[in-house]
Structure formats: structure tokens, C-alpha cells
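>>> I would like the atomic coordinates for the input below:
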Amino acid sequence: MIGYVTIGTNHLAKGAGFYDAIAAELGIGRMMENANFIAWGTPDGAAGLGLTKPFNGEPATVGNGVMVALQARDRAQVDRIHALALSLGGTDEGAPGDRGGGFYAAYFRDLDGNKLNAFVMGGQA
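Residues are numbered from 1 along each chain as shown. Next up is the predicted model:
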């Protein structure tokens, strides 16, 4: 259903390092880039993630209520992604933990303030 998601940035080079590290933990890399845009994912794979300077030239802003969820392999990877995001300068929006119904997640913001989470469903330890 979803082909890819883009997140706005005002600092593409700085944000690239943040997402390179998160993508590496998820086992993916860059698949497309130009002077204003970088995409991580796998061609013909699951939905990808793009970091972009806004096309209209206006500053990127954070969407209230907007969040990108990154599916992890297991709870340990959720924990690692959260810790990695914070070590890269991201901010904590909710420590890793069980959110009920077998939903384990951790929430953080990137360097531009975009909200993301890493999650796993079910009893995957």
C-alpha cells in the first residue's frame, strides 16, 4: 500500500548521517540520491524512506501528528535503534517498552524534530 515516505529536512548532509546509521541497523542502505534528496530502501522491497529538502524552497517543518514507524526484527533491535538515534543527537519521545497488545515500541525525533518510532508486533523477544 505505501511505496515510500519522505521526511523534510533543512540540513540534508547532517540528516544523512543520522539515517545512514539507522538504515544500517535495519540492514538497508541508500538506493537513490541527488543534491536535494536521499532515499533508503531496497528496490522492489518494503516501503522506503526519503529525506528531502522541500521542493518549494521553504523551510522544512515538523507535521503535528505525523510519525514514521520503522519495523524492527525483534525487541532487541527496537532497543538498539532507540539508543542509536539518541547517540546520533535525536531526542527521546518514549523509551522502549510494551505498549499493550504485543506492541513493543520506542519513540524518538530526528535532528529536524521529525517523530519516528521503532516497533515490533507480537511476542518477538
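>>> Give me the buried positions along stretch 62-81.
70, 72, 75, 77, 78, 79, 80, 81 (16 or more other C-beta atoms under 10 Å). In short, each C-beta sits where N, CA and C put it, glycine included.
>>> Show me those residues that map onto strands.
Cross-referencing the buried residues of stretch 62-81 against strands under DSSP state E gives residue 70.
>>> Just the closest of the buried residues of stretch 62-81 to residue 27, please.
residue 77 (9.6 Å; C-beta to C-beta).
>>> Confirm for me that that closest one is in contact with residue 25.
Yes: using C-beta atoms under 8 Å, residue 77 is in contact with residue 25, at 6.9 Å.
>>> Low-confidence bits of this structure, can you list those?
Counting by pLDDT under 70, the ranges of the chain that qualify are 123-125.
>>> In this protein, where's the longest helix?
Across the chain, the longest stretch assigned as helix under DSSP state H is helix 12-26.
>>> got the CA positions of it in PDB?
Provided in PDB are the C-alpha atoms of helix 12-26 (Å, rounded to 0.1, in the frame of the first residue of the first chain):
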ATOM      1  CA  LEU A  12      20.400  17.200   4.300                       C
ATOM      2  CA  ALA A  13      24.100  16.300   4.900                       C
ATOM      3  CA  LYS A  14      23.600  16.300   8.700                       C
ATOM      4  CA  GLY A  15      20.400  14.300   8.500                       C
ATOM      5  CA  ALA A  16      22.000  11.800   6.000                       C
ATOM      6  CA  GLY A  17      24.400  10.600   8.700                       C
ATOM      7  CA  PHE A  18      21.500  10.100  11.200                       C
ATOM      8  CA  TYR A  19      19.500   8.000   8.700                       C
ATOM      9  CA  ASP A  20      22.600   6.100   7.300                       C
ATOM     10  CA  ALA A  21      23.200   4.700  10.800                       C
ATOM     11  CA  ILE A  22      19.500   3.800  11.400                       C
ATOM     12  CA  ALA A  23      19.200   2.200   7.900                       C
ATOM     13  CA  ALA A  24      22.400   0.200   8.500                       C
ATOM     14  CA  GLU A  25      20.900  -1.200  11.700                       C
ATOM     15  CA  LEU A  26      17.800  -2.200   9.700                       C
END
